[in-house]
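Q: return atomic coordinates for the entry below.
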Amino acid sequence: MSHRNLLIGLALLAFTLIFLRTAWVGDDVYITLRTVDNFVNGYGLTWNIAERVQSYTHPLWMFILTLIYIPTRDAYLTALLASFLASFTTLWLVARRGDFAALGVSTLLLSKAFMDYSASGLENPLTHLLLVLFFIAFIEKQSSPFHLALIASVIFLNRQDAILFVLPALAYLLVTRLLSRRSRSDMNVAPQRIVIQMFLGFLPLLLWEAFSLFYYGFPFPNTYYAKLGAGIPQSELISQGLVYFLDSIQRDPLTLVIIAAGFFLALWRGGSRERLLALGSLLYLGYVLSIGGDFMSGRFLTASLLISVLLLMRLLRDLAPRWQYTTIGVVFILGLFATPPTFILDLNQPRFTEHDLQTGINDERAYYYPISGLMNYRPGRDIPFSGEGWVEHGKALRASGKSVVDEKNVGYIGYFAGPAVHIVDLYALCDPLLARLPVSGPWRIGHFEREIPQGYLQTLRTDVNQVADPSLAAYYDQLALITRGPLFSRERLIAIWKMNTGQFNYLLESVQ
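A: Next comes the predicted model:
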């Protein structure tokens, strides 16, 4: 067996062991899994079956979960199986990249953020896989504009903001091809054909956006309006974003150190293509800062880590062996400072700490592992976290016969409550009206609670508009026409146009 094959085998074995020991599933993925369950059972791509609302941020990941859920009908195993397959493939591709793959493999295995979100059921693993494929196509193979645009299109479909990673590369490619009549690799391709190739590559994205606008009535997921339209001053969000980066340094110093090293090395030693990917990563990190980061420690840093890992492997491959060993040694030392390191699972770790309460940022794996850790799974049990309050509450709602309730943390609750219970999400991720209202009272990042307008619950229960505020009632009439009305009605299509061009915004002034 060659040295490279041995490394690949050991890397995949180490990843599998760490994954099995640390895998967990969070509440947020069950928001998507409720839509998956509704879709599989014939209720459409809905969260509450009475209205068409895109409560998930990752259409491609949602469809992959659906494909696995159809034969398994097990939400928990579906989330973990999808996560494992995407993460395993990512690590395999990284391990096959060049002569300094040991650096990349060791960094990913020792990064707390990367390993935490190699499981969880969120879309991170597929984002990682798609970014590796783009790196190979853009840097190593210098593929055609069509193929690069196609991968970028799929990246967008997996998570819209991830397009920032590849945006500088695509812009550079388009501009340079248009400015040059003929390129070295496409001697007979006219500039207009380059535009056509990129358009065809982006066709999946355009088709989804057309579907989203028609079916849901909006081009972006409901979470976009809920989180970015909460009315929080930008300065407060940036301040919270800085806290998010500081939190990562404290819990997982390896991740941000490697991100910075990859960026600066690309500027120093990289060619134009390496610098463009580094710029895309910086662009994404700036976006993360501007939105206040997240409440999940490290979640929005894993993709930037992967880009930096790939850049470092490429740009440091000519290092003398002793310096390569030194670099890997530094990675291992930094990995030991994670709390806890990835290869140590402290089952007595508190689910949240005083630090979590002060910053609003959690170690999500620590919080959920006691109730959803894979090591707690036993065949024959309903779910590993049977007995967890949210799950039992959801089951109680299913049995209660209630038609409309309001709740927070609606993932587990929503899935186990079933389709007959209409749940008003107070954090507005799944509710179209609340998502367009400003936050009420103190907020925690990612948890922007809204006050339920007077008469809204009665409106949902009776299907008769009883919202007390006249302007808000008029706004809801238009919103309900979009989310509940006949898909092909002329009135609905007109309402979609007016809503997305801001013609109804004045009706919200009374609640600003």
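Q: ok, the spatially most central residue of the chain to residue 117 distance?
A: Centroid-nearest residue in the chain: residue 123, 4.8 Å away (criterion: CA atoms, centre = their mean). Distance, residue 123 to residue 117, by CB to CB, to the nearest Å: 9 Å. (Glycine included, C-beta is placed from N, CA and C.)
Q: kindly report the same for residue 80.
A: Counting by CB to CB, the gap from residue 80 to residue 117 is 13 Å.
Q: and if you look at residue 81?
A: Taking CB to CB, one finds residue 81 at 16 Å from residue 117.
Q: more crowded one of these two?
A: residue 117 (28 against 17; other CB atoms under 10 Å).
Q: give me the neighbour count for residue 43.
A: Neighbours of residue 43 (other CB under 10 Å): 15.
Q: again, but for residue 421
A: 21.
Q: and if you look at residue 481?
A: 19.
Q: and it, what is it in contact with?
A: Listed by CB atoms under 8 Å, 6 or more residues apart in numbering, the contact set of residue 481 reads 489, 491-492, 495.
Q: can you pick the most crowded of those?
A: residue 495 (21 neighbours).
Q: low-confidence bits of the stretch 1-150 of the chain, can you list those?
A: Along the stretch 1-150 of the chain, the model assigns pLDDT under 70 to residues 1-2.
Q: and with 80 instead?
A: Residues of the stretch 1-150 of the chain meeting the criterion pLDDT under 80: 1-4, 98-99.
Q: which residues in it form strands?
A: Remark: no strands are assigned in the stretch 1-150 of the chain by DSSP state E, counting those that start in this stretch.
Q: outline the domain layout of the protein.
A: Domain ranges of the chain: 3-217+232-336, 387-451, 453-512, per automatic domain parsing.
Q: ok, residue 13 - how many residues close by?
A: Residue 13, neighbours per other CB under 10 Å, totals 10.
Q: tell me the pLDDT of the closest residue to residue 115 other than its chain neighbours.
A: Leaving aside its sequence neighbours, residue 115 sits nearest to residue 342 (CB to CB, 6 or more residues apart in numbering; 4.4 Å). If you check residue 342, the pLDDT there is 83.
Q: which residues does residue 342 contact?
A: 18, 22, 109-112, 115, 335.
Q: in those, find the pair that's most separated.
A: Farthest apart among the contacts of residue 342 by CB to CB are 22 and 335. That separation is 13.9 Å.
Q: so where do the helices sit in the stretch 151-300 of the chain?
A: 167-179, 191-201, 203-215, 222-228, 234-251, 253-269, 272-290 (DSSP state H, counting those that start in this stretch).
Q: same question for the longest one, mean pLDDT?
A: Here the mean pLDDT over helix 272-290 is 97, rounded to a whole number.
Q: against which helices or strands is the helix or strand following it packed?
A: As assigned by DSSP states H and E, the chain's next helix or strand after helix 272-290 is helix 302-315. Applying 3 or more CB pairs under 8 Å, 6 or more residues apart in numbering; DSSP states H and E, we find helix 302-315 packed against helix 75-95, helix 101-110, helix 112-116, helix 124-135, helix 253-269, helix 272-290.
Q: so which of those gets nearest residue 397?
A: helix 75-95 (16.7 Å).
Q: just the buried positions in the closest one, please.
A: 75-84, 86-91, 93-95 (16 or more other CB atoms under 10 Å).
Q: and it, what does it pack against?
A: Looks like helix 75-95 contacts helix 3-22, helix 29-40, helix 59-72, helix 101-110, helix 124-135, helix 302-315 (3+ CB pairs under 8 Å, 6+ apart).
Q: which residues are in contact with the longest one?
A: Right, helix 3-22. By CB under 8 Å, 6+ apart, helix 3-22 touches 1, 84, 87-88, 91-92, 95-96, 101-102, 105, 108-109, 115-116, 118-119, 342-343, 345, 365, 369, 373-375.
Q: residue boundaries of the helices in the stretch 301-450 of the chain?
A: 302-315, 321-336, 354-359, 364-372, 389-400, 410-417.
Q: make a markdown table out of those helices and add distance to residue 511.
A: Listed next are the helices of the stretch 301-450 of the chain as a markdown table, based on distance: least, CB to CB, whole Å:
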| stretch | distance to residue 511 |
| --- | --- |
| helix 302-315 | 36 |
| helix 321-336 | 48 |
| helix 354-359 | 30 |
| helix 364-372 | 32 |
| helix 389-400 | 28 |
| helix 410-417 | 22 |
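Q: can you put those in TSV and add mean neighbour count, mean pLDDT and distance to residue 455?
A: Shown next, in TSV, are the helices of the stretch 301-450 of the chain (neighbours: other CB atoms under 10 Å; pLDDT from 0 to 100; distance: least, CB to CB, whole Å):
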stretch	mean neighbour count	mean pLDDT	distance to residue 455
helix 302-315	25	97	43
helix 321-336	14	92	55
helix 354-359	14	88	35
helix 364-372	23	88	36
helix 389-400	16	91	22
helix 410-417	26	95	22
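Q: right, and those helices - which one's nearest residue 29?
A: Nearest to residue 29 among these is helix 410-417; the distance by CB to CB comes to 6.8 Å.
Q: quick one: residues in contact with the closest one.
A: 26-31, 33-34, 37, 47, 75, 385, 388, 390-391, 393-395, 397-398, 407, 423, 425, 427, 429-430.
Q: tell me the angle of that helix relative to helix 389-400?
A: 40 degrees (axes from the mean of the first three to the mean of the last three CA atoms, to 10 degrees).
Q: off-centre distance for helix 410-417?
A: Distance, stretch centre to chain centre, for helix 410-417: 19 Å (CA atoms, centre = their mean, to the nearest Å).
Q: thinking again about what came up before, distance to residue 353 added to the domains of the chain, as a markdown table?
A: Below are those laid out as a markdown table (distance: least, CB to CB, whole Å):
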| stretch | distance to residue 353 |
| --- | --- |
| domain 3-217+232-336 | 10 |
| domain 387-451 | 15 |
| domain 453-512 | 36 |
